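[1] compute the structure for the input listed below.
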Amino acid sequence: MTSVKGLLSKYIQNTERALAEIKISQEERQIGGAETSNVIEEAKRYLEDAKYYRDKKRFKTALASVAYCEGLLDALRLLALVEFTWPTENKAKHSGKG
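    Okay, the predicted model is just below:
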């Protein structure tokens, strides 16, 4: 069984490698509803994976899966392709903290 520290190291290393290799496309591209829907469906699959692993008591894997889901949703929101708020954002706005 992999430790949380081991998983963290693996994810950090993989992410650093991806960022070191990343290239921004110079091609002009419109992102439409179909592409956005595909990313939303992928996020839903990560959420389902998180629930599956939670039920199997593989909490570390479940946490990683739900974090991927949140990352995809945040990316869509940052690109202004979707609109939503996280529950904690609503709470902060209503309590005067935001």
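[2] what about stretch 6-16, distance to the chain center?
    Relative to the centre of its chain, stretch 6-16 is centred 15 Å away, using C-alpha atoms, centre = their mean, to the nearest Å.
[3] an error on my part: the question was meant for stretch 33-42.
    Distance, centroid of stretch 33-42 to centroid of chain: 13 Å (C-alpha atoms, centre = their mean).
[4] after the stretch of helix or strand Glu16 belongs to, heading C-terminal, what element do we hit next?
    Per DSSP states H and E: Glu16 is located in helix 4-21. Using DSSP H and E, the helix or strand that directly follows helix 4-21 along the chain is helix 33-55.
[5] please save the CA atoms from that following helix in CSV.
    Output of helix 33-55 as CSV, limited to C-alpha atoms (Å, rounded to 0.1, in the frame of the first residue of the first chain):
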residue,chain,number,x,y,z
GLY,A,33,-20.1,23.7,-25.6
ALA,A,34,-19.1,20.2,-26.7
GLU,A,35,-15.5,20.6,-25.4
THR,A,36,-16.8,22.1,-22.2
SER,A,37,-19.3,19.3,-21.8
ASN,A,38,-16.5,16.7,-22.3
VAL,A,39,-14.4,18.2,-19.5
ILE,A,40,-17.5,18.3,-17.2
GLU,A,41,-18.1,14.6,-18.0
GLU,A,42,-14.5,13.8,-17.1
ALA,A,43,-14.9,15.7,-13.8
LYS,A,44,-18.1,13.7,-13.1
ARG,A,45,-16.1,10.5,-13.7
TYR,A,46,-13.4,11.6,-11.2
LEU,A,47,-16.2,12.3,-8.7
GLU,A,48,-17.6,8.8,-9.2
ASP,A,49,-14.1,7.4,-8.8
ALA,A,50,-13.8,9.3,-5.5
LYS,A,51,-17.1,7.8,-4.3
TYR,A,52,-16.0,4.3,-5.4
TYR,A,53,-12.7,4.5,-3.6
ARG,A,54,-14.3,6.0,-0.5
ASP,A,55,-16.7,3.1,-0.3
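[6] perfect, I'm done here.
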